[in-house]
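**Student:** What shape does this take:
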Amino acid sequence: MSDILTTVNVSYDSCAINIPAVEKKYDASYVGMFALKTKDGWTDWAAPIFWVANPKAPYTNHYFAMYVISSGKLMITDGTSSVDHVIVAVEDDNGEIIYSRYQHDCRYTTDGSAWIDGGCYYTRSNRPAFTMRVQDGKFVRCVPEDVS
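**Tutor:** Numbering: from 1, shown residues only. All right, here's what the predicted structure looks like:
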């Protein structure tokens with residue numbers, strides 16, 4: 001992998017989680033919104049994923065997700081599977097990069113010139129797509145040998 005991508009739009013609009021408060025409490029960095037992988041496949045909604053440089057016991061994973069269930073209870077879970085794969089993205093003329101967070105999540109760049117849909121299930125877009133991964137809490141552009 002190469003290029004660290006600094007212009008990925010990781011908007012957390014309409015998220016019920018207070019991202020800055022979680023970052024402070026857990027000494028974590030917000031990565032982005034992603035579907036969660038369950039025994040039945042990917043969720044049809046996105047949860048914020050956080051990266052922790054030095055996870056504290058008993059946790060050993062660098063990534064965790066937080067979400068609120070229908071009863072209002074806050075849940076925390078391993079978020080590794082959400083970022084441990086190739087992510088398809090598109091870039092607009094201004095350099096803004098977007099990715100679809102879950103199936104049927106059609107997202108547009110801020111200027112509306114580029115869009116992508118499909119999450120981990122399929123890719124539809126109006127621009128040529130490329131692949132990226134999350135490495136140590138940061139988005140990086142994949143080089144051909146990274147794509148598997």
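**Student:** what about Tyr12, how many neighbours?
**Tutor:** For Tyr12, the tally of surrounding residues (other CB atoms under 10 Å) stands at 15. Bear in mind the C-beta positions are built from the backbone N, C-alpha and C, glycine included.
**Student:** isn't Thr109 right next to Asn9, touching?
**Tutor:** Yes: taking CB atoms under 8 Å as the contact criterion, Thr109 and Asn9 are neighbours in contact, 6.9 Å apart.
**Student:** out of these two, which sits in the busier spot?
**Tutor:** Higher neighbour count among Thr109 and Asn9: Thr109, with 20 against 15, using other CB under 10 Å.
**Student:** Okay, domains of the chain per the record?
**Tutor:** Under automatic domain parsing, the residue ranges defining each domain of the chain are 19-82, 86-146.
**Student:** among those, which is nearest Ile4?
**Tutor:** Proximity to Ile4 (CB to CB) singles out domain 86-146 among the domains of the chain, at 5.3 Å.
**Student:** Just the mean pLDDT for that closest one, thanks.
**Tutor:** Along domain 86-146, the predicted local confidence has a mean pLDDT of 94.
**Student:** how much space between Ile19 and Cys106?
**Tutor:** For Ile19, the distance to Cys106 (CB to CB, to the nearest Å) stands at 23 Å.
**Student:** Looking at these two, which is more packed in?
**Tutor:** Neighbours per residue, other CB under 10 Å: of Ile19 and Cys106, the larger number sits with Ile19, 16 against 11.
**Student:** Next up, the contacts around that one.
**Tutor:** Residues in contact with Ile19 (CB atoms under 8 Å, 6 or more residues apart in numbering) are 12, 30, 48.
**Student:** again, but for Asn9
**Tutor:** Neighbour list for Asn9: 96-98, 107, 109-110 [criterion: CB under 8 Å, 6+ apart].
**Student:** Which one (most neighbours) among the residues you listed?
**Tutor:** Result: Ile98 is most packed of those (other CB under 10 Å), 23 neighbours.
**Student:** That one - that's part of a helix, no?
**Tutor:** No: secondary structure of Ile98, determined by DSSP: H, G, I helix; E, B strand; the rest coil: strand, with no helix assignment.
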